[in-house]
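J.: Starting from these lines, generate the structure:
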Amino acid sequence: MVKDTILIKRVTEYAPIPLNENACALLLQYVKLIENYRDVGRLTSIRRTTDLIDFLITESLQLAKFLPSAGNFTLADLGAGSGAVGISLGIAIPNLTVSLFERSVRKIGFLRLAVTALTLKNVKIEERDVRSIKKGEYSFDFIASRAFAPFTEYLEVALKLVKPSGCILGFTPRGGLDDASIEKFSENKMEVDLLKYHLPNDKRGGVYSIRFKGAVDICRQ
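T.: Model prediction:
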């Protein structure tokens with residue numbers, strides 16, 4: 001069994017923003033909840049605790065590269081699943097109000113349990129299929145997802161939820177963002193920022209931010 005101190009060090013060493021003691025404790029507690037309810041809630045196939053830390057928590061936190069360090073902002077996590085993106089960011093950035101969108105009854109049950117157990121007052125749960133949402137029903141500063149849908153479908157849904165001044169966040173290459181996609185955004189008056197990251201065992205990846213050209217850049221950077 002890996003010691004808690006080692007797990008916390010693993011997160012803080014690769015997280016893109018500083019994490020205080022309380023945030024570290026909550027993230028570790030969240031991982032333990034996933035381990036306890038992993039099979040019942042069908043949350044993830046990942047078995048090793050260190051892999052849960054790396055691939056669910058630390059990787060999700062890479063999106064914080066684009067989030068403001070001050071001010072009050074809103075973020076929607078689409079197809080939240082176990083809540084890895086929304087809950088991790090909600091813990092790390094308390095001034096961020098997070099809405100977790102999920103349609104699976106099993107996963108909704110876990111999300112409610114986790115939000116209550118972690119006492120996350122800045123995290124809300126929306127039990128619905130985001131594909132059925134109409135433009136104008138919601139308005140968020142940031143939209144994020146780990147693996148909600150293929151990139152084009154994700155973008156289509158996200159554009160219905162993001163503010164004109166907001167940003168759509170995701171991971172690449174998992175999100176399918178390539179040179180052709182970036183060129184298409186340029187034609188549609190949208191700008192794309194790409195940032196790389198490293199995780200333990202030399203795992204590498206990238207995160208992206210998409211926003212409308214001319215919009216005020218509210219991203220951290």
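J.: so after the lowest-mean-pLDDT helix or strand in the chain, what's the next helix or strand?
T.: Ranked by mean pLDDT, DSSP states H and E, the weakest helix or strand in the chain is helix 179-187, scoring a mean of 61. Using DSSP states H and E, the helix or strand that follows helix 179-187 towards the C-terminus is strand 190-199.
J.: Find the centremost residue of the chain, please.
T.: Val85 (2.6 Å; Cα atoms, centre = their mean).
J.: contacting residues around that residue?
T.: Contacts for Val85 (Cβ atoms under 8 Å, 6 or more residues apart in numbering) come out as Ser60, Leu63, Asp77, Ala144, Ser145, Arg146. Any C-beta I mention is one placed from the backbone N, CA and C, and that applies to glycine too.
J.: rerun that using 10 Å as the cut-off
T.: Val85 makes contacts with 56-57, 59-63, 75, 77-79, 98, 100, 144-148, 169-171, as judged by Cβ atoms under 10 Å, 6 or more residues apart in numbering.
J.: Over to Ala92?
T.: 11, 15-20, 23-24, 26-27, 57, 60-61, 63-64, 67.
J.: Out of these, name the ones that lie in helices.
T.: Among the contacts of Ala92, the members found in helices (DSSP state H) are Val11, Ala23, Cys24, Leu26, Leu27, Ser60, Leu61.
J.: Identify the farthest-apart pair in those residues.
T.: Pairwise distances across those (Cβ to Cβ) peak at 14.7 Å, for the pair Cys24 and Ser60.
J.: the more surrounded of the two?
T.: Ser60 (24 against 20; other Cβ atoms under 10 Å).
J.: check contacts around the more buried one.
T.: Ser60 neighbours (Cβ under 10 Å, 6+ apart): 15, 27, 77, 83-89, 92, 144, 146, 171, 207.
J.: Show me which of these is closest to Phe110.
T.: Gly83 (7.7 Å).
J.: re the thing from before, ok, of the contacts of Val85, which come out buried?
T.: With burial judged by 16 or more other Cβ atoms under 10 Å, the buried subset of those is 56-57, 59-63, 75, 77-79, 98, 100, 144-146, 148, 169-171.
J.: Residue ranges in the protein under the pLDDT threshold?
T.: Where the chain drops to pLDDT under 70, the residues are 1-2, 173-188, 214-221.
J.: any chance you could map the helices in it?
T.: So, for the chain - with DSSP H - the helices run 4-14, 21-37, 49-52, 59-61, 84-92, 105-117, 151-161, 179-187.
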